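Student: how would this look folded up:
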Amino acid sequence: MGKEGQRQRILSGMRPTGRLHLGNLVGALWNWRDLQAAYDCFFMIADYHALMSEYASPAGIADATREVMIDFLACGLDPEKSVLFRQSDLPEHAELHLILSAYTPISWLERNPTYKEQMEQLKTKDIHNYAFLGYPVLQASPVQERPDEVAQVKAAGGPHPAQYPFLWHLSAPWAAALRT
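Tutor: Reported below is the predicted structural model:
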């Protein structure tokens with residue numbers, strides 16, 4: 001339990017870059033479905049995140065977003081038990097990303113092992129852009145809005161959460177101003 005008997009919160013999301021597959025179902029969606037019983041869950045379709053790799057043809061993101069929502073519902077995510085949302089419907093995510101970006105040293109992002117691995121793995125895509133480099137900053141944005149209320153954040157394949165407290169400390173005056 002969180003503060004004063006409140007359930008802790010879980011925030012997780014998926015990028016709508018194509019059709020979901022068995023790995024998404026077994027690796028995340030069934031777990032998310034089960035977490036709804038014990039946590040206040042927020043499950044996001046991370047369409048801003050999808051722009052990282054799909055910026056050359058963003059038209060497919062809208063269709064993929066609809067498909068991901070259908071899959072969320074089909075696997076048992078219940079809008080009566082969890083909040084299901086599209087990231088771009090919350091402008092605060094983009095606003096806080098901008099603020100956090102102003103405080104985040106480029107060297108932190110370039111040292112990220114996941115960044116280096118993905119650059120190697122995705123050689124067929126042109127991902128030499130800020131959206132890809134700044135992905136951990138965008139990923140941290142919704143967590144920073146209420147850091148004391150988020151029980152667990154599982155970054156997809158990366159050490160990004162270790163950077164979140166540093167980002168929060170650096171940007172706290174700006175983030176506090178946004179919440180008022």
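Student: Which residue ranges make up each domain of this structure?
Tutor: Residue ranges for the domains of the chain, per automatic domain parsing: 1-89, 90-180.
Student: Dump the ones you listed into TSV; add mean pLDDT and mean neighbour count as well.
Tutor: C-beta: built from backbone N, CA, C; applies to glycine. Formatted as TSV, the domains of the chain follow (pLDDT from 0 to 100; neighbours: other Cβ atoms under 10 Å):
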stretch	mean pLDDT	mean neighbour count
domain 1-89	90	16
domain 90-180	68	15
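Student: any idea how far the residue positioned nearest the centre of the chain is from Val68?
Tutor: By Cα atoms, centre = their mean, the chain has its centre lying nearest to Gln139, at 4.4 Å. As judged by Cβ to Cβ, to the nearest Å, Gln139 and Val68 stand 17 Å apart.
Student: Ok, Ala140 next?
Tutor: Ala140 sits 22 Å away from Val68, going by Cβ to Cβ.
Student: before we move on, what about Phe132?
Tutor: Distance from Phe132 to Val68, counting by Cβ to Cβ: 20 Å.
Student: is it fair to say Ala94 lies in a helix?
Tutor: Yes - counting by DSSP: H, G, I helix; E, B strand; the rest coil, Ala94 is found in a helix.
Student: Show the contacting residues for it.
Tutor: Counting by Cβ atoms under 8 Å, 6 or more residues apart in numbering, Ala94 touches Tyr48, Ser88, Ser141.
Student: Could you double-check that the residue nearest to the centre of the chain lies in contact with His49?
Tutor: Yes - Gln139 sits in contact with His49 when judged by Cβ atoms under 8 Å, with a separation of 7.2 Å.
Student: quick one: the strands in the protein?
Tutor: For the chain, the strands defined by DSSP state E cover 9-14, 40-45, 82-86, 150-152.
Student: got TSV for those strands, with distance to Pro105 too?
Tutor: TSV is the format used below for those (distance: least, Cβ to Cβ, whole Å):
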stretch	distance to Pro105
strand 9-14	25
strand 40-45	26
strand 82-86	30
strand 150-152	24
